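Engineer: okay, sequence plus prediction incoming.
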Amino acid sequence: MNKFAIAIHGGAGTILRSSMTPEKEIEYKLGLKNAIMDGDNILAKGGNALDAVETAIRNLEDNPLFNAGRGAVFTSKGKNEMDSSIMEGSTLMAGAVTGINNIKNPITLARTVMQKSEHVFLSGLGAMEFAEKMKLEFAPDEYFFVQHRYDQLLQAKKSDTVILDHTVTNATSKKGTVGCVALDVHGNLAAGTSTGGMTNKKFGRVGDSPMIGAGTYANNNTCAVSCTGHGEYFIRSVVAYDISCLMEYKGLSLKEACDIVVHKKLVAIGGEGGLIALDAKGNIELPFNSEGMYRAMKKSNGNLYIGIYKD
Ligand code: ASP
């Protein structure tokens with residue numbers, strides 16, 4: 001059988017071993033394991049990368065531990081406003097949504113935009129109207145309400161700051177954006193990302209996660225990438241596409257491209273975060289320039305790896 005591979009992330013930031021409880025650490029690891037194994041099962045049966053990406057991300061969206069779907073952070077108006085995107089490396093087809101509420105699984109809406117609409121990127125009420133038409137699952141506000149997320153909002157409001165999920169100092173409340181990259185036995189790559197964005201965000205702020213090229217990118221000729229971190233910097237650096245370009249135009253390896261973008265270019269402008277990347281040969285990179293990143297990877301011929309801190 002040809003090789004397949006998958007990697008996921010659950011957000012990057014100031015995640016310190018010293019401020020994590022053993023119970024929380026187990027919960028996070030279990031959450032990551034369940035999600036990646038869901039995707040891996042699909043790939044092991046010869047399923048396609050896009051299905052694996054959607055399935056793993058749906059699992060993470062359903063887990064209130066992570067800042068996506070259920071567990072999404074609150075905007076300044078006390079709403080959960082979610083962003084998501086997905087891309088297929090074989091066709092360069094992509095779908096994305098931003099500023100949506102009450103959609104149970106934003107990644108499925110992004111995929112539906114890609115496959116059932118003539119567009120790539122839908123926003124707000126229009127995206128939700130499309131979701132209704134496509135009969136996607138909605139969930140009430142209560143489903144998305146997570147007490148500590150609300151506490152984060154009250155905290156952010158006190159100082160009138162917009163808080164990146166991972167910049168809070170208490171590790172037990174650090175939850176992150178989620179993403180997945182996969183390579184299937186047919187040699188196809190796919191990438192997806194889903195998030196609630198930043199706590200206390202205002203004015204319809206949109207981060208990198210739903211932006212094709214910034215937070216998500218996939219191309220069978222190069223790689224699949226999903227990012228997490230301070231979105232404004234990732235947008236300005238067009239991070240995901242930059243990695244693909246360095247491979248395509250400069251002939252760099254996945255590792256060389258990731259090192260330059262995450263540890264040099266982003267650092268130079270103060271952009272904190274990381275990403276997961278996978279190339280068409282099955283090489284995986286999980287670089288981050290923050291204290292930690294919730295991450296996991298599995299290759300067809302290898303063991304499951306799960307990491308949280310800088311090892
Ligand atoms: N990149 C996301 C955003 O800026 C946040 C994150 O990755 O946690 O919306």
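Structural biologist: Nice, thanks for sending it over. Numbers count the residues shown, from 1 in each chain.

Engineer: okay, now the residue nearest to residue 48 when sequence neighbours are not counted: neighbour count?
Structural biologist: Residue nearest to residue 48 in three dimensions, not counting chain neighbours: residue 184, with 5.1 Å by Cβ to Cβ, 6 or more residues apart in numbering. Every residue, glycine included, has its C-beta placed from N, CA and C. Residues lying near residue 184 (other Cβ atoms under 10 Å) number 25.

Engineer: equivalent analysis for residue 139, please.
Structural biologist: Residue 139 has 15 neighbours, counted by other Cβ under 10 Å.

Engineer: roughly how far does it sit from the ligand?
Structural biologist: 21 Å (Cβ to the nearest ligand atom, to the nearest Å).

Engineer: tell me the residues of the stretch 51-200 of the chain that contact the ligand?
Structural biologist: Residues of the stretch 51-200 of the chain lying near the ligand by Cβ under 6 Å from any ligand atom: 67, 165, 176, 177, 195, 197, 198.

Engineer: select only the buried ones of those in ChimeraX?
Structural biologist: Applying 16 or more other Cβ atoms under 10 Å to these leaves a buried subset, and the ChimeraX line that selects it is:
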select :67,165,176,177,195,197,198
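
Engineer: just the residues of the stretch 51-200 of the chain next to the ligand: which has the poorest pLDDT?
Structural biologist: The lowest pLDDT within those belongs to residue 165, with 69.

Engineer: ok, residue 249 to residue 136 distance?
Structural biologist: Distance of residue 249 to residue 136, given as Cβ to Cβ, to the nearest Å: 38 Å.

Engineer: the two: who's more crowded?
Structural biologist: Counted by other Cβ under 10 Å, residue 249 and residue 136 do not tie: residue 136 has more neighbours, with 16 against 9.

Engineer: just the strands in this structure please.
Structural biologist: With DSSP state E, the ranges of strands along the chain come out as 5-13, 82-88, 93-100, 121-123, 178-183, 189-195, 216-218, 223-229, 273-279, 284-285, 292-299, 305-309.

Engineer: with only the CA atoms kept, save the second one in PDB.
Structural biologist: It refers to strand 82-88. This file holds the C-alpha atoms of strand 82-88, laid out as PDB (Å, rounded to 0.1, in the frame of the first residue of the first chain):
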ATOM      1  CA  MET A  82     -16.500  31.300  13.700                       C
ATOM      2  CA  ASP A  83     -14.100  31.000  10.700                       C
ATOM      3  CA  SER A  84     -13.100  28.000   8.700                       C
ATOM      4  CA  SER A  85     -11.500  26.900   5.400                       C
ATOM      5  CA  ILE A  86     -10.500  23.800   3.500                       C
ATOM      6  CA  MET A  87      -8.500  23.100   0.400                       C
ATOM      7  CA  GLU A  88      -7.800  20.100  -1.900                       C
END
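
Engineer: which residues touch residue 304?
Structural biologist: Applying Cβ atoms under 8 Å, 6 or more residues apart in numbering to residue 304 gives the contacts 33, 36, 37, 296, 297, 298.

Engineer: how many neighbours does residue 241 have?
Structural biologist: 20.

Engineer: got it, and residue 27?
Structural biologist: Per other Cβ under 10 Å, the neighbour tally for residue 27 reads 14.

Engineer: next: the one 3 residues further on.
Structural biologist: Here the number of neighbours of residue 30 (other Cβ under 10 Å) works out to 13.

Engineer: that one and residue 24, how far apart?
Structural biologist: The spacing between residue 30 and residue 24, counted by Cβ to Cβ, is 11 Å.

Engineer: low pLDDT regions in this structure?
Structural biologist: Scanning the chain for pLDDT under 70 picks out the ranges 1, 164-175.

Engineer: let's go with 50 and repeat that
Structural biologist: Residues of the chain that meet the criterion pLDDT under 50 lie in 169-175.

Engineer: any chance you could map the helices in it?
Structural biologist: In the chain, the segments counted as helices under DSSP state H are 22-44, 49-62, 106-116, 124-133, 141-144, 147-159, 231-236, 239-250, 254-258, 266-269.

Engineer: okay, those helices, which one's buried deepest?
Structural biologist: Highest mean neighbour count of the helices of the chain: helix 49-62, a mean of 27 (counted as mean count of other Cβ atoms under 10 Å).

Engineer: please name the nearest non-neighbouring residue to the residue of the stretch 1-150 of the chain found nearest the ligand.
Structural biologist: Relative to the ligand, the nearest point of the stretch 1-150 of the chain is residue 11 (4.9 Å; Cβ to the nearest ligand atom). Of all residues not flanking residue 11 in the chain, residue 176 sits nearest, at 0.9 Å (Cβ to Cβ, 6+ apart).
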